[in-house]
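1. Need coordinates for the following:
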Amino acid sequence: MGEVFGGRYELVDVLAAGGMGTVWRAWDHRDHAYRAAKVLRQANSDSLLRFVRETTWQVQHPHVVAPTGWIGEDDRVLFTMPLVTGGSVADLLGDFGPLPAGWAIELARQALLGLDEVHGAGLVHRDIKPANLLLDATGRAAPHLLLSDFGAAAQVGAPRLTQVDRVIGTPGYLAPEQFRGADPEPAQDVYAVGVVLLQTLTGRPPATDGTLPTPPVTGPSGPELAEVVARLTCPDPDRRPESARAALALLDAVPNSGDLTLGADPDNPVEVFDHVPQLPEGWGPTGPSRGSRTPPPAPTQQPPPQHKPVRTPSGAPPLTWLLLALGVLLVVLAFAL
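-> As a prediction, the model looks like this:
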């Protein structure tokens with residue numbers, strides 16, 4: 001059996017490990033369902049604060065993964081979220097390389113839909129990147145993307161929790177103004193979506209210094225799509241769409257933007273695989289199947305039988321009475337001499 005955290009969540013197996021914590025598949029003994037459970041790896045005040053803050057961003061939207069609960073135990077914190085089985089956009093790029101324009105547009109569109117809800121709640125995600133864009137395992141059907149990992153999120157206009165000289169986010173996906181210490185603004189998330197869109201089209205990640213690959217301009221709707229990428233990743237925030245909704249309008253204006261087959265190769269269809277490993281032995285779709293677990297092997301040699309001491313009617317073993325009688329005899333002899 002795995003460790004039971006907080007008397008409720010039983011840790012089953014590790015799904016991923018990151019800088020702030022480890023993601024487990026866990027069995028919820030109260031709700032009788034599997035969850036993704038993130039356990040804090042380092043017990044320091046800054047990471048713990050951001051870890052717990054992530055559980056407070058309760059944005060409910062079809063394209064947002066919202067934490068379902070959290071438990072603190074000793075020097076560790078665990079919080080749970082729905083188990084998303086299709087991996088991430090990073091996994092999809094690893095499986096197929098550059099994606100067709102129709103897929104790249106659809107993934108960016110769904111990310112912007114989720115961000116529109118996040119920005120409407122007064123939050124900026126601040127860490128949009130392929131690894132934080134999760135996917136349901138939809139096979140060759142249309143993808144379903146969910147924003148995840150709100151550990152770096154911040155409220156617009158709220159006091160900062162870190163030093164002004166510390167940049168929050170992932171190098172390569174950060175808007176230039178973030179390096180200059182700008183306050184969190186939705187346009188910074190728009191820039192990151194533009195970088196992800198460019199990466200899905202080219203298969204090339206951005207350089208850590210912010211240098212971006214050249215967007216492709218060939219193929220159906222290529223020039224129009226390249227223009228949208230340039231607008232979303234404009235270094236000047238005043239010339240960039242100021243919100244996810246404004247960026248979404250630009251993307252929807254691309255010709256044939258709603259066609260998932262745009263630029264697709266019929267001989268190499270994109271498929272979102274199930275990236276969650278098989279359940280370990282002793283676990284099934286409905287939770288722990290203890291009856292199916294392999295019992296421990298029987299010992300090859302039986303241990304010798306353990307003989308219990310024979311007891312007198314009073315309950316004391318014979319040797320005890322013998323020693324007691326000998327002691328009394330010595331006392332009597334001492335007085336007699």
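2. Show me the protein divided up by domain.
-> For the chain, automatic domain parsing gives the domain ranges 4-83, 89-252.
3. Comparing those domains, which comes out most buried?
-> When you average the neighbours per residue for each of the domains of the chain (mean count of other CB atoms under 10 Å), domain 89-252 leads with a mean of 19. C-beta here means a position set from N, CA and C on the backbone, and glycine is covered the same way.
4. any idea where the helices of the stretch 151-300 of the chain begin and end?
-> Along the stretch 151-300 of the chain, counting by DSSP state H, counting those that start in this stretch, helices occupy 176-179, 186-202, 222-232, 244-252.
5. Return the list of helices and strands in contact with the shortest one.
-> When you say that, I think you mean helix 176-179. On a contact count with 3 or more CB pairs under 8 Å, 6 or more residues apart in numbering; DSSP states H and E, helix 176-179 meets no helix or strand.
6. For that helix, the averaged confidence score.
-> For helix 176-179, the mean per-residue pLDDT is 93.
7. and if you look at the second one?
-> When pLDDT is averaged along helix 186-202, the result is 97.
8. chain center to that helix: distance?
-> Centroid separation for helix 186-202 versus its chain: 21 Å, with CA atoms, centre = their mean, to the nearest Å.
9. Summarise which helices and strands that helix is packed against.
-> helix 89-96, helix 101-120, strand 123-124, helix 222-232, helix 244-252.
10. and if we set it to 10 Å?
-> If you count contacts as 3 or more CB pairs under 10 Å, 6 or more residues apart in numbering; DSSP states H and E, helix 186-202 packs onto helix 89-96, helix 101-120, strand 123-124, strand 133-135, helix 176-179, helix 222-232, helix 244-252.
11. Minimum distance to residue 259: which of those has it?
-> helix 101-120 (5.3 Å; CB to CB).
12. which intervals of the stretch 51-200 of the chain have sub-threshold pLDDT?
-> Counting by pLDDT under 70, the stretch 51-200 of the chain has low-confidence residues at 51-57, 159-166.
13. Ok, the stretch 201-337 of the chain next?
-> Applying pLDDT under 70 to the stretch 201-337 of the chain flags the ranges 290-337.
14. re the thing from before, want to throw the domains of the chain into a markdown table with distance to residue 288?
-> Below are these laid out as a markdown table (distance: least, CB to CB, whole Å):
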| stretch | distance to residue 288 |
| --- | --- |
| domain 4-83 | 7 |
| domain 89-252 | 23 |
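15. picking up where we left off before, now the helices and strands packed on helix 186-202 in JSON lines, with distance to residue 279?
-> As requested, the helices and strands packed on helix 186-202 are exported to JSON lines (distance: least, CB to CB, whole Å):
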{"stretch": "helix 89-96", "distance to residue 279": "20"}
{"stretch": "helix 101-120", "distance to residue 279": "29"}
{"stretch": "strand 123-124", "distance to residue 279": "35"}
{"stretch": "strand 133-135", "distance to residue 279": "20"}
{"stretch": "helix 176-179", "distance to residue 279": "41"}
{"stretch": "helix 222-232", "distance to residue 279": "40"}
{"stretch": "helix 244-252", "distance to residue 279": "37"}
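16. where's residue 32 relative to residue 274, distance?
-> Distance, residue 32 to residue 274, using CB to CB, to the nearest Å: 21 Å.
17. all strands for this structure, in order.
-> Applying DSSP state E to the chain gives strands spanning 4-5, 9-17, 21-28, 33-40, 69-73, 76-82, 123-124, 133-135, 145-147, 154-155, 283-284, 287-288.
18. The fourth one - contacts with which helices or strands?
-> Using 3+ CB pairs under 10 Å, 6+ apart as the contact test, the elements touching strand 33-40 are strand 9-17, strand 21-28, helix 45-54, strand 69-73, strand 76-82.
19. Identify the residues contacting residue 142.
-> Residue 142 is in contact with 102, 103, 106, 110, 260, 272, counting by CB atoms under 10 Å, 6 or more residues apart in numbering.
20. hang on, isn't the fourth one packed against residue 143?
-> Right, residue 110. Yes: if you go by CB atoms under 10 Å, residue 110 and residue 143 touch, sitting 7.3 Å apart.
21. Overlap in contacts, those two.
-> Common neighbours of residue 110 and residue 143, using CB under 10 Å, 6+ apart, are 133, 135.
22. Verify the stated contact: residue 81 with residue 148.
-> Yes: shown here, residue 81 and residue 148 form a contact pair, counting by CB under 10 Å, at 7.4 Å.
23. Please enumerate the shared neighbours of these two.
-> Joint contacts of residue 81 and residue 148 (CB under 10 Å, 6+ apart) are 23, 36, 38, 54, 65, 66, 67, 134.
24. Dump the residues you listed to TSV, plus distance to residue 9.
-> Shown next, in TSV, are the shared contacts of residue 81 and residue 148 (distance: CB to CB, whole Å):
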residue	distance to residue 9
23	13
36	11
38	11
54	16
65	17
66	17
67	13
134	20
